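**Student:** Pasting a predicted model and its sequence here:
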Amino acid sequence: MIIEQIIENKANYNVDKRSEKPIRSVVKSISWRVVGTIDTILISWVITGEVKTAFSIGAIELGTKMILYFFHERAWNNIKWGKK
């Protein structure tokens, strides 16, 4: 079932590429980062017991993860594996 979905998704790639505008991808990226940061803040709060520390960790994580993701994407753009 999973393999069938992967094959179907691969076959529909050109349709998906045209159906999703770049702004949608930007908004999805931001919303995912917000979800991830909230998760980090909650975990930090549970571990430290301090809200201020949890928000500090979340703020640092928000910035560093976006920077790391940017360089991760740029590196993958240079990898030819999986491209046509």
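**Tutor:** Here it is on my side, so go on.

**Student:** For residue 48, which non-adjacent residue is spatially closest?
**Tutor:** residue 54 (6.2 Å; CB to CB, 6 or more residues apart in numbering). Every C-beta, even on glycine, is put in place using the N, C-alpha and C of the backbone.

**Student:** From the contact counts, what lies against the one helix or strand the one you found maps to?
**Tutor:** The secondary structure element spanning residue 54 is helix 51-77 (assigned by DSSP states H and E). In this structure, helix 51-77 packs against helix 22-48, with contacts taken as 3 or more CB pairs under 8 Å, 6 or more residues apart in numbering; DSSP states H and E.

**Student:** okay, the angle between the helix it packs on and helix 51-77?
**Tutor:** Between the direction of helix 22-48 and that of helix 51-77, the angle (axes from the mean of the first three to the mean of the last three CA atoms, to 10 degrees) works out to 140 degrees.

**Student:** helices or strands up against helix 22-48?
**Tutor:** helix 51-77.

**Student:** Could you give me the buried positions within the helix holding residue 54?
**Tutor:** For helix 51-77, burial by neighbour count (16 or more other CB atoms under 10 Å) applies to 54, 57-58, 61-62.

**Student:** For this structure, give me the ranges with low pLDDT.
**Tutor:** Along the chain, the model assigns pLDDT under 70 to residues 1-19.

**Student:** give me that answer again for 80
**Tutor:** Along the chain, the parts satisfying pLDDT under 80 run over 1-20, 22, 25, 83-84.

**Student:** Run the chain-centre distance for the helix holding residue 54.
**Tutor:** In terms of CA atoms, centre = their mean, to the nearest Å, the centre of helix 51-77 is set 10 Å apart from its chain centre.

**Student:** repeat for stretch 66-84
**Tutor:** Using CA atoms, centre = their mean, the distance between the centre of stretch 66-84 and that of its chain works out at 13 Å.
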